[in-house]
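Novice: Following is a predicted model, sequence given first.
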Amino acid sequence: MLDRKIAPDFQLIKAHKLPEINTQKLKNGISFHQLITKNQPVLGFQIAFEAGRCQENKVGIASFMAKMLLEGTHHHTGKQIADKISFYGASINIDSGNDFTIVSFYTLEKHLEQLLPLLKEILQEPNFPQSELDNLKNRSVQNLKIQEERTAYLATVKIKEVLFKENHPYSASSSEESIRAIQRQDIIDFYENNIKSNPFEAYLVGDIDTDSEKLITDFIESFNVDANKKEKELLQNPANSVTKIYKEIEGSVQTSIRIGRLLFNQKHPDYAAFKVMNMILGGYFGSRLMQNIREDKGYTYGISSRNAAMKNGSYFVIGTDVKKEIYQDAVSEIYKEIEKLKNEPVTEEELENVKNYMSGNFLGSLSTAFAVMDKMQDIHLYNLDENYYNDYVTKLRKVTIEDVQKVAQKYLVDLTEVCIG
């Protein structure tokens, strides 16, 4: 009989290997990555274009183009597109970020043949109707006005502006003026220069039979890709500098705090150690910042720290919202925790607990085949080593007490501080 007073056996996660991915180079030069998973009727198909903020000549064009692709083609209106996708119980989402525009298509295998022509039409024959653009601009302006009433939004925008400086695309944020300035021809030009005839990476996951594989392969090879398109150059990031900004907003009852600096991305040799150090500092609910600022002092509902990694760089940021009258006390306690990490070695128990948490969290992030393919997508899009995720847990396990203190001393310096509220 099961004795519920006895805890189950605990096993350390020491390593993990991702499933095998089949990659082939197709006739038009496109890399096609496949993950075959049995007993999963839904197919996931993704296409990734290097077409994000880094390719913009006007703020917001990439995002607008991504939204407008589903608003009509030369043969179907946006409503007709949505109705057909809904009829087959499928979904098509197009999202644009800092570096990439990702097209995600999910459907049952039996509907693949009916829907692939529509997907091709969306990507190759959009007409970007003016009326839909006008509606999108109006909605975006209204959403922006709502966001600008939130100190958390204003503080996040401001710290990126300060860190990346004025002309870097990662520092750009939309304004009503920039939204109103976007014209239909701007979107057409961005589409022509960054989507149509441009190389892309293709990913397919699911219970794939030979017929489905051929349909997808033929679909990809039907795109006329310009082989002479040059790979985009990586941008240079500015140097860190100590900056402190406080902006009072009359009538605000809270102050949003953001403290951070520019950092490195996943390819850096210190990335694993910094990730562990960050988890100890503010990366999860049991972190030091949460224990101090929330549990002990009661200054906030939540506080966190993270390293936001992109292709052209990354930044580290600590963020929280507190009552306006005690924001200076909260800032002081944040710096106390930073100095403690730099000057006092963490305990073996705390380090081991964080490693176990991170290892388990990593395995939990691989619970579906689609999640596994997302990890493989990261490898190709961010030029990571092919075994980056296979070695992830092993690298975490190798991080020492000395490594944690070393990266804290080396990188928790030259911090920019933004307080708005």
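Specialist: It's in. Just so we're clear, the structure is a prediction, and the values are computed from it rather than from any experiment.

Novice: Which other helices and strands does the helix or strand where Gln114 lies contact?
Specialist: Following DSSP states H and E, one finds Gln114 within helix 112-124. Applying 3 or more CB pairs under 8 Å, 6 or more residues apart in numbering; DSSP states H and E, one finds that helix 112-124 contacts helix 78-87, strand 101-108, helix 210-221. For glycine as for every other residue, the C-beta is placed from the backbone atoms N, C-alpha and C.

Novice: Deepest-packed of the ones you listed, please.
Specialist: Most buried of the helices and strands packed on helix 112-124 by mean neighbour count (mean count of other CB atoms under 10 Å) is strand 101-108; its value is a mean of 20.

Novice: Check the offset of that strand from the chain's centre.
Specialist: 17 Å (CA atoms, centre = their mean, to the nearest Å).

Novice: How is this protein partitioned into domains?
Specialist: Per automatic domain parsing, the domain ranges recorded for the chain read 22-221, 244-420.

Novice: picking that back up, of all the helices and strands packed on helix 112-124, which lies closest to Ser178?
Specialist: In terms of CB to CB, the element of these nearest to Ser178 is strand 101-108, at 18.9 Å.

Novice: That closest one pairs with which strands, parallel or anti?
Specialist: strand 42-49 (antiparallel), strand 91-96 (antiparallel) (DSSP bridges).

Novice: CA-only coordinates of that strand in PDB, if you can.
Specialist: Extracted in PDB, the C-alpha atoms of strand 101-108 (Å, rounded to 0.1, in the frame of the first residue of the first chain):
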ATOM      1  CA  THR A 101       8.600  37.600 -39.300                       C
ATOM      2  CA  ILE A 102       7.200  34.100 -38.600                       C
ATOM      3  CA  VAL A 103       4.300  32.500 -40.500                       C
ATOM      4  CA  SER A 104       2.700  29.700 -38.400                       C
ATOM      5  CA  PHE A 105       0.200  27.400 -40.100                       C
ATOM      6  CA  TYR A 106      -1.600  24.500 -38.200                       C
ATOM      7  CA  THR A 107      -4.000  22.100 -39.800                       C
ATOM      8  CA  LEU A 108      -5.200  18.500 -39.900                       C
END
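
Novice: Run through the stretch 101-250 of the chain and note the low-pLDDT ranges.
Specialist: Along the stretch 101-250 of the chain, the model assigns pLDDT under 70 to residues 229-236.

Novice: which residues are contacting the helix holding Gln114?
Specialist: The contact list for helix 112-124 (CB atoms under 8 Å, 6 or more residues apart in numbering) reads 43, 47, 69-70, 73-76, 81, 84-85, 88, 90, 92, 103, 105, 107, 195-196, 212, 215-216, 219, 222-223.

Novice: ditto for stretch 38-51
Specialist: Under the criterion CB under 8 Å, 6+ apart, residues 62, 65, 96, 99-109, 112, 123, 190, 194-195, 198-208, 212, 216, 231-232, 369-370, 373, 377, 380-381 lie in contact with stretch 38-51.

Novice: sorry, back to before: so of the strands paired with strand 101-108, which one's packed in deepest?
Specialist: When the strands paired with strand 101-108 are compared using mean count of other CB under 10 Å, strand 42-49 is most buried, at a mean of 21.

Novice: Let's test this: mean pLDDT of the helix or strand that comes right after that one, rounded?
Specialist: The element immediately downstream of strand 42-49 (helix or strand, assigned by DSSP H and E) is helix 61-68. The average pLDDT for helix 61-68 rounds to 96.

Novice: Gln405 and Lys340 touch, don't they?
Specialist: No. Checked against CB atoms under 8 Å, the pair Gln405 and Lys340 is beyond contact range at 10.4 Å.

Novice: the more surrounded of these two?
Specialist: Comparing Gln405 with Lys340 by neighbour count (other CB atoms under 10 Å), the higher total belongs to Gln405, at 18 against 14.

Novice: Am I right that that one is in a helix?
Specialist: Yes. Counting by DSSP: H, G, I helix; E, B strand; the rest coil, Gln405 is part of a helix.

Novice: nearest to Asp296, of the strands paired with strand 101-108?
Specialist: Comparing the strands paired with strand 101-108 under CB to CB, the one sitting nearest is strand 91-96, at 39.3 Å.

Novice: Just want the angle from the closest one to helix 78-87.
Specialist: Counting by axes from the mean of the first three to the mean of the last three CA atoms, to 10 degrees, strand 91-96 lies at 130 degrees to helix 78-87.

Novice: quick check, distance from strand 91-96 to the centre of its chain.
Specialist: Worked out by CA atoms, centre = their mean, strand 91-96 lies 14 Å from the chain centre.

Novice: Show me the contact partners of it.
Specialist: When contacts are defined by CB under 8 Å, 6+ apart, strand 91-96 is touched by residues 51-53, 62-63, 65-67, 69-70, 85, 101-107, 119, 122.

Novice: again, only using 6 Å
Specialist: Gly52, Ala62, Ser63, Ala66, Leu69, Ile85, Ile102, Val103, Ser104, Phe105, Tyr106 (CB atoms under 6 Å, 6 or more residues apart in numbering).

Novice: ok, which stretches of the chain are strands?
Specialist: 22-25, 31-36, 42-49, 91-96, 101-108, 201-206, 244-247, 254-263, 303-310, 313-323, 416-420 (DSSP state E).

Novice: Cool, thanks, signing off.
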